[in-house]
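Undergrad: I'd like to go over a predicted model; first the sequence, then the structure.
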Amino acid sequence: MPRVFVTRKIPAAGLLRLQDAAAVTVWPGEMPPPAEVLRAQIAGCSGLLSLVTDRVDDALLDAAGSQLRVVSQMAVGVDNIDLDACTARGIPVGHTPGVLTETTADLAWALLLAAARRVVAGERFVRSGNWKTFDPTFMLGLDVHGATLGCVGFGRIGQAVARRAHGFGMRVLYAQHRAVAARAAQHVPLATLLRESDFITLHTPLNPQTRHMIGAPQFDLMKRSAVLINTARGAIVDPQALYAALHAGQIAHAALDVTDPEPILMDSPLLQLDNLTITPHVGSATLQTRDRMAVLAAENLLAALAGARMPHCANPQVYGTV
């Protein structure tokens, strides 16, 4: 049976599928395997099932050896994987788009509503024993209904977030290179979106063009009442510029499910801000969705081991066609 290394414990639905067809080793640690351990573990393996915390680069591929036939990631984004290096070696890279779209959109909305209505601050206030009476001027938030939502990136998740906005009677703007057919959503330049949106939510992949694409010049364009939501990748936002904008009241609030670096350092000045909400990269974290992701990651890996085209490939050029 081909040998497969899995870099962390994944839901049983995917793991059992792998174990039916391969000799599987699962890294048992709570933390990701260190780079040198990962290189040692992958030596001689035919397949690797990775997570976003694992760097797959030339050094790792060299350590694996020429028999490595597939890398399958349990995630949509593959910015931690050197796709060019994999393609040059004829190694298809699998990922898991689609199955987490609606779940991640739900989390983006949870963060949006929590920020707009100061849910986290209110919960802390109650638990601290400070709630004495109803106060008509206390802890005022922002209306969501009728506001303008700006989606930076309008792929599957961005469009799912926009669909939810229609139930709140929101005006929806989106910015990306190409316009798409979308119900009641307007394609605008990024600068227009930043100036006009009350809520700005990020849904772009991380690549050299999008790294720190939201920085000081972009915060300068936003409304002082604006709320920024990021469920994509932390490094899309310049953390120093984000701190400066929040600290100065240049924007009202930010709500992040991803940070740069990740996890956020405990001495980060961002953690001292009351107008910032952070969750620990849980956009796809439901029982149903994580099961589906694990199964799809397993199916991608097993298809490649069998010599078939994987269902979802991040570097389709490896097959000679896109």
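TA: It's in.
Undergrad: where does pLDDT dip in this protein?
TA: 321-322 (pLDDT under 70).
Undergrad: repeat the analysis, applying 90 as the threshold.
TA: Scanning the chain with the threshold set as pLDDT under 90 gives 181-184, 320-322.
Undergrad: which parts of it are helices?
TA: For the chain, the helices defined by DSSP state H cover 12-19, 35-42, 58-64, 83-88, 101-116, 119-127, 156-166, 190-196, 216-221, 239-247, 287-305.
Undergrad: for the second one, packing partners?
TA: It refers to helix 35-42. helix 58-64 (3 or more CB pairs under 8 Å, 6 or more residues apart in numbering; DSSP states H and E). C-beta: built from backbone N, CA, C; applies to glycine.
Undergrad: so what's the residue nearest to E299 when sequence neighbours are not counted up against?
TA: Leaving aside its sequence neighbours, E299 sits nearest to P311 (CB to CB, 6 or more residues apart in numbering; 5.8 Å). Applying CB atoms under 8 Å, 6 or more residues apart in numbering, we find P311 in contact with 94, 296, 299-300, 303.
Undergrad: can you list the domains in this protein?
TA: The chain breaks down by automatic domain parsing into domains covering 3-98+287-319, 101-278.
Undergrad: just checking, G249 touches R224?
TA: Yes: counting by CB atoms under 8 Å, R224 is a contact partner of G249 at 6.5 Å.
Undergrad: follow-up on the earlier one: and of the helices of the chain, who's closest to Q209?
TA: helix 190-196 (11.9 Å; CB to CB).
Undergrad: so how far is the closest one from its chain's centroid?
TA: 22 Å (CA atoms, centre = their mean, to the nearest Å).
Undergrad: what comes up buried for that helix?
TA: 190, 193-194, 196 (16 or more other CB atoms under 10 Å).
Undergrad: do the same with stretch 233-243
TA: Within stretch 233-243, the residues scored as buried using 16+ other CB under 10 Å are 233-239, 241-243.
Undergrad: and the contacts of that stretch?
TA: Applying CB under 8 Å, 6+ apart, the contact partners of stretch 233-243 are 77, 79, 202, 204-206, 210-216, 218-219, 228, 230, 254, 256, 258-262, 268-270, 273.
Undergrad: ok, 6 Å please
TA: The contact list for stretch 233-243 (CB atoms under 6 Å, 6 or more residues apart in numbering) reads 202, 206, 210-216, 219, 230, 258-260, 262, 269-270.
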